[in-house]
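K.L.:
Got a predicted structure here, sequence first:
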Amino acid sequence: MALHGIVLFGHGARDSRWAEPFVRLADKLRAARGAAGPVSLAFLELMEPDLPTAVAEQVAQGCSTVTVVPVFFGQGGHVRRDLPAVLEVCRDAHPGVQILCSTAVGEDEGVLEAVAAYCLRQVQV
């Protein structure tokens, strides 16, 4: 059975606590997906693993497709410029694997609605 992996791709930070929400998100996805495929974290800088390492680990686990989900709120330079370059490195390293990339999570209307609802709850406390 071919596996379809998910890599949550974030910026990274010097403070390891910055990654805690991403770790919780990855845990939620693992629980929801079961055996459908692995869920990993990867970072642009300052933290490990980087995206090529995370993709290689998923390929080694048997993934024939990997979807990269940029956990950025918007599409700044890192998503528009840096990410496509790193994706090409991954695709060149794994030509038989389909490596897909979604838009930044903050560009999704459902995510924006969830954030708006959160903001409204804060003024009702």
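P.N.:
Yep, it's here. Numbers count the residues shown, from 1 in each chain.
K.L.:
CA atoms for contacts and neighbours, from now on please.
P.N.:
Fine.
K.L.:
Now do the phi/psi pair for D50.
P.N.:
When read as degrees, to the nearest 10, the backbone of D50 gives phi -80, psi 170.
K.L.:
Can you give me the neighbour number for it?
P.N.:
When neighbours are defined as other Cα atoms under 10 Å, D50 has 19 of them.
K.L.:
so it makes contact with A42?
P.N.:
Yes. Counting by Cα atoms under 8 Å, A42 is a contact partner of D50 at 5.0 Å.
K.L.:
and stretch 96-112, which residues are buried?
P.N.:
Within stretch 96-112, the residues that qualify as buried are 97, 99, 101, 103-106, counting by 16 or more other Cα atoms under 10 Å.
K.L.:
For that stretch, report the contacting residues that lie outside it.
P.N.:
Identification of contacts with stretch 96-112 by Cα atoms under 8 Å, 6 or more residues apart in numbering yields 59, 63-75, 79, 87, 90-91.
K.L.:
Endpoints of that stretch, how far apart?
P.N.:
35 Å (Cα to Cα, to the nearest Å).
K.L.:
Make 23 the first number, not 1, from now on.
P.N.:
In the new numbering, first residue 23, that becomes stretch 118-134.
K.L.:
The nearest residue in space to P71 that is not next to it in sequence bridge partners, please.
P.N.:
In space, and not counting its chain neighbours, P71 is closest to A64: 5.2 Å by Cα to Cα, 6 or more residues apart in numbering. Judged by DSSP bridges, the bridge partners of A64 are F31.
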